[in-house]
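*Asks:* Based on what follows, work out the 3D shape:
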Amino acid sequence: MSENKETKLQRVKELVELMKANDLVELEIADGDSKILLKRPQPVGPTITQLSPVPAPVITPAVPVEQTVQAQTPAEQQDVGLAEIKSPIVGTFYSASSPDSQPYVDIGTRVSPDTVVCIVEAMKVMNEIKAETSGTIVEVLCETGEAVEYGQLLFKVKPD
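*Replies:* Okay, here's the model as predicted:
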């Protein structure tokens, strides 16, 4: 019942072809005391690497300081030295604790670091936002019910 080497080799070649035809990675055949295990290497697909475009460098010509100061608009010159109150979270801006209440602050209101200036609602939680600076409110930049982003400017304050 022993097969010669050539016949065994022919049988292995047939099994390899069977594996290729059926896209098999592993094949194990056991028959009594004889056992054969064939494994093919798994095909490795091409690696796709996505490169993000690199922005071109921005080259700005050197401008004398005097020209830069003159190029500012009157509003920009007026904003110099103002403190900013920014939103510490993403949410919805409310200027008062309820729709029928007075706003926490208006233009001209003096604030201290502990003064609550507004509420930002995030995920049904009302977060009181404090001024964290002393001075007078000179500009309110959001409307009640407006969505605000992290770091968005809410108020401008003229420091004491």
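
*Asks:* pLDDT below threshold where in the chain?
*Replies:* Applying pLDDT under 70 to the chain flags the ranges 1-3, 42-79.

*Asks:* Looking at it, which helix is longest?
*Replies:* Secondary structure of the chain per DSSP state H: the longest helix is helix 5-21.

*Asks:* Identify the residues contacting it?
*Replies:* 3, 24, 25, 27, 29, 36, 38, 40 (Cβ atoms under 8 Å, 6 or more residues apart in numbering). The C-beta positions use only the backbone N, C-alpha and C, and glycine is treated the same way.

*Asks:* count of neighbours near the fifth one?
*Replies:* To tie it back to what came earlier, the one meant is residue 29. For residue 29, the neighbour count with other Cβ atoms under 10 Å is 11.

*Asks:* mind checking how far it is from residue 6?
*Replies:* Applying Cβ to Cβ, to the nearest Å, one obtains 19 Å for the distance of residue 29 from residue 6.

*Asks:* Next: the last one.
*Replies:* According to Cβ to Cβ, residue 40 stands 23 Å off from residue 6.

*Asks:* which of the two has more neighbours?
*Replies:* residue 40 (13 against 8).

*Asks:* And for the more buried one, nearest residue in space, chain neighbours not counted?
*Replies:* Take residue 40 and drop its neighbours on the chain: the residue closest to it by Cβ to Cβ, 6 or more residues apart in numbering is residue 25, 5.4 Å away.

*Asks:* so who does the closest residue to residue 141 other than its chain neighbours touch?
*Replies:* Using Cβ to Cβ, 6+ apart and skipping the chain neighbours, the partner closest in space to residue 141 is residue 153 (5.4 Å). Counting by Cβ under 8 Å, 6+ apart, residue 153 touches 84, 85, 86, 141.

*Asks:* Surely the last one and residue 157 touch.
*Replies:* No - counting by Cβ atoms under 8 Å, residue 141 stays clear of residue 157, with 11.4 Å between them.

*Asks:* Looking at those two, which one has more neighbours?
*Replies:* In this view residue 141 and residue 157 are compared by other Cβ under 10 Å, and residue 157 has more residues nearby, 23 against 15.

*Asks:* what sits against the more buried one?
*Replies:* Residue 157 makes contact with 82, 83, 84, 85, 111, 131, 133, 135, 136, 137, 138 under the criterion Cβ under 8 Å, 6+ apart.
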